[in-house]
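Visitor: quick one: sequence plus predicted model below, questions after.
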Amino acid sequence: MSALSSLESYSRFVYSLLQTSGRVQSHTIRLYPRGAFVGVAEGEVNFDQQIVLRIYERVDFAIERILAYSYEVWQAQQQLYWYDPTPHPNNPALARNHPHHKHVPPDIKHNRIPAPGLSFTAPNLPFLIREVEGLMEADR
């Protein structure tokens, strides 16, 4: 059974991942229904070094697909980067992973790079946690 097959299975997947990830200090992630087949996951995952991963996902469990997402990474009061799937068809550099991309400094709003680790058809949280953990290791 896929983690995206039901609200219950996705909840088990997310909460298990958050409990077993050694670098997660705490979280406010909540999953709730938004209709018969659609659910929302949202909240924050807190790491040491004042790093926070903010998550919003809307998932259609009938088709086992993430419909929309937004992921932001902050350290203290500074936004380090974010991901979104807003299409940018006029940017050929993003075509490989269309529409998944990452906003990075400098000029974080307009500077976008491909995001090959993200998907609409599989949970993104494992990739995001690994990325933050790598960021924390690099800062040591």
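Guide: Good, I have the coordinates.
Visitor: all helices for this structure, in order.
Guide: Under the criterion DSSP state H, the chain contains helices at 7-20, 125-138.
Visitor: out of the ones you listed, which gets nearest to P87?
Guide: Among the helices of the chain, the nearest to P87 by CB to CB is helix 125-138 (20.6 Å). Any C-beta I mention is one placed from the backbone N, CA and C, and that applies to glycine too.
Visitor: which of the helices of the chain sits closest to K102?
Guide: Nearest to K102 among the helices of the chain is helix 125-138 (9.4 Å), distances taken as CB to CB.
Visitor: chain center to the closest one, what's the gap?
Guide: Centroid separation for helix 125-138 versus its chain: 11 Å, with CA atoms, centre = their mean, to the nearest Å.
Visitor: in it, what's buried?
Guide: Of all the residues in helix 125-138, those buried under the rule 16 or more other CB atoms under 10 Å are 125, 127-129, 131-133, 135.
Visitor: that one vs helix 7-20, what angle?
Guide: 20 degrees (axes from the mean of the first three to the mean of the last three CA atoms, to 10 degrees).
Visitor: for the closest residue to P89 other than its chain neighbours, grab the count of nearby residues.
Guide: Closest residue to P89 apart from its sequence neighbours, by CB to CB, 6 or more residues apart in numbering: H98 at 7.5 Å. Counted with other CB atoms under 10 Å, the neighbours of H98 add up to 14.
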